[in-house]
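> Can you look at this prediction? I've put the sequence above it.
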Amino acid sequence: MKFKVFIDGNKGTTGLRINERFQGRDDIELLVIPEELRHDNETIKKYINESDITFLCLPDDASLEHSTFLDPSNKHTKIIDASTAHRVNPDWAYGFPELSDELYEKVKNSQLVAGPGCYASGFLAIAYPLVKLGIAPKNYPFAISAISGYSGAGKAGIKQYEDPNRSVEFDAPRLYAMQQAHKHLPEMKIIAGLDEKPLFNPYVCDFLEGMIVSVPLYVNRLNKKINAKELRDELANYYKGKDFVRVHEYEEKGTTDGFLAANKLAGKDYLEIYVAGNDERIDITACLDNLGKGASGAAVECMNIMLGLDPKCGLNL
């Protein structure tokens with residue numbers, strides 16, 4: 001049996017990477033809209049309603065509009081939105097199934113799934129279990145420092161970074177979203193169940209893809225006294241048996257001379273968590289590919305679950 005899949009926005013970075021993950025799969029029939037009709041809403045509507053799965057790889061406003069193209073009587077077609085548009089909409093399942101059994105079942109049984117943001121995936125992989133396990137209070141003053149490859153900026157950003165005549169400022173890490181209004185903040189707060197949005201300092205850097213998201217903790221602000229090794233064990237047990245989230249040993253296994261490179265998992269579709277520190281201060285870092293577990297890989301994983309397939313099918317683990 002072949003599943004009919006339509007990528008609405010197949011020319012963008014996320015759409016192209018989803019398409020790559022279908023190469024070699026004989027259970028997928030891609031519905032490709034004729035180039036001359038790529039912006040015709042009636043044609044797009046037809047393709048959406050003929051598909052088993054539609055991926056919305058569009059800007060937020062377009063995703064909001066195109067999600068309404070699903071015929072209300074159509075209970076067959078499932079939609080996965082890769083944009084920010086529906087991530088905190090309670091009518092859409094949040095597409096990070098490893099966070100809890102409840103979220104896995106929602107993804108499995110929902111017609112509408114919103115893919116997480118890349119930075120949010122790194123933060124939630126850390127903060128969600130801390131709050132759920134009662135280790136961190138909901139009012140903990142979370143702060144995040146994160147570095148991403150420039151592919152996260154989309155086609156326009158990639159063009160800027162790969163321009164041979166670019167400004168010398170592109171050679172260095174660049175801090176942005178300094179007004180604390182990054183579009184991933186609402187999902188970070190709501191999905192983790194926090195009282196406040198975390199403080200968030202993201203940097204875009206001169207490498208194509210990959211990401212690290214670091215969350216430092218003061219132990220005396222937590223609900224219980226715990227050291228780095230004990231916290232590592234708690235997270236390892238929480239994600240036990242989860243192929244897409246891997247908690248590393250307390251030692252600096254997997255790093256090079258104590259350094260953790262943000263592009264370490266480029267091309268991979270899973271996420272790693274590192275825990276280090278001491279009895280007073282602990283640093284937890286998530287490492288992932290912003291285009292893998294942070295975008296296209298996560299979307300394909302959700303599709304596999306929604307179709308009753310092996311979640312790992314077609315993905316690079």
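Thanks, I have the structure now.
> Could you measure from residue 265 over to residue 304?
Distance of residue 265 to residue 304, computed by CB to CB, to the nearest Å: 19 Å. The way it works is simple: take the backbone N, C-alpha and C, and place the C-beta from them, glycine included.
> Residue 219 too?
39 Å.
> next one: residue 262
27 Å.
> Compare those two (neighbour count), which wins?
More crowded of residue 262 and residue 304, by other CB atoms under 10 Å: residue 262, with 24 against 18.
> Can you name every helix or strand that the helix or strand containing residue 305 contacts?
Using DSSP states H and E, residue 305 sits within helix 297-306. Packing partners of helix 297-306 (3 or more CB pairs under 8 Å, 6 or more residues apart in numbering; DSSP states H and E): helix 13-20, strand 53-56, strand 78-81, helix 101-109.
> Who are the packing partners of the second one?
Counting by 3+ CB pairs under 8 Å, 6+ apart, the packing neighbours recorded for strand 53-56 are strand 3-8, helix 13-20, helix 60-67, strand 78-81, helix 297-306.
> What about the residue lying closest to residue 108 once chain neighbours are set aside, how many residues nearby?
Among residues not flanking residue 108 along the chain, residue 305 sits closest, at 5.2 Å (CB to CB, 6 or more residues apart in numbering). Residue 305 has 21 neighbours, counted by other CB under 10 Å.
> Just want the angle from the lowest-mean-pLDDT helix or strand in the chain to helix 13-20.
Ranked by mean pLDDT, DSSP states H and E, the weakest helix or strand in the chain is helix 154-161, scoring a mean of 88. Helix 154-161 and helix 13-20 meet at an angle of 110 degrees, taking axes from the mean of the first three to the mean of the last three CA atoms, to 10 degrees as the criterion.
> which parts of stretch 269-279 are buried?
Neighbour counts over stretch 269-279 (16 or more other CB atoms under 10 Å) mark 269, 270, 271, 272, 273, 274, 275, 276, 277 as buried.
> Same check on stretch 239-246?
Buried residues in stretch 239-246 (16+ other CB under 10 Å): 239, 242, 244, 245, 246.
> Can you give the contact residues for stretch 132-144?
Stretch 132-144 is touched from outside by 100, 119, 123, 127, 129-131, 188, 193-196, 198-202, 213-217, 221-224, 226, 231, 234, 238, with contacts defined as CB atoms under 8 Å, 6 or more residues apart in numbering.
> go with 7 Å
100, 123, 127, 130-131, 193-196, 198-201, 213, 215-216, 221-224, 226, 234, 238 (CB atoms under 7 Å, 6 or more residues apart in numbering).
> Return a ChimeraX selection command for the buried portion of the residues you listed.
Typed into ChimeraX, the next command selects the buried ones out of the contacts of stretch 132-144 (criterion: 16+ other CB under 10 Å):
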select :123,127,130,131,194,198,200,201,213,215,222,226,234,238
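> can you pull the contacts of the closest residue to residue 9 other than its chain neighbours?
Spatial nearest neighbour of residue 9, chain neighbours left out: residue 57 (3.5 Å); criterion: CB to CB, 6+ apart. Going by CB under 7 Å, 6+ apart, residue 57 touches 7, 8, 9, 10, 12, 14, 15, 18, 82.
> got a markdown table for these, with pLDDT too?
A markdown table is the format used below for the contacts of residue 57 (pLDDT from 0 to 100):
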| residue | pLDDT |
| --- | --- |
| 7 | 96 |
| 8 | 95 |
| 9 | 92 |
| 10 | 88 |
| 12 | 89 |
| 14 | 93 |
| 15 | 92 |
| 18 | 95 |
| 82 | 96 |
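> hey, where'd the helices end up in the stretch 201-317 of the chain?
228-238, 297-306 (DSSP state H, counting those that start in this stretch).
> now, of the ones you listed, which is deepest in the fold?
helix 297-306 (a mean of 26; mean count of other CB atoms under 10 Å).
> contacting residues around residue 56?
With CB under 7 Å, 6+ apart, residue 56 has these contacts: 8, 9, 63, 66, 67, 79, 81, 82, 83.
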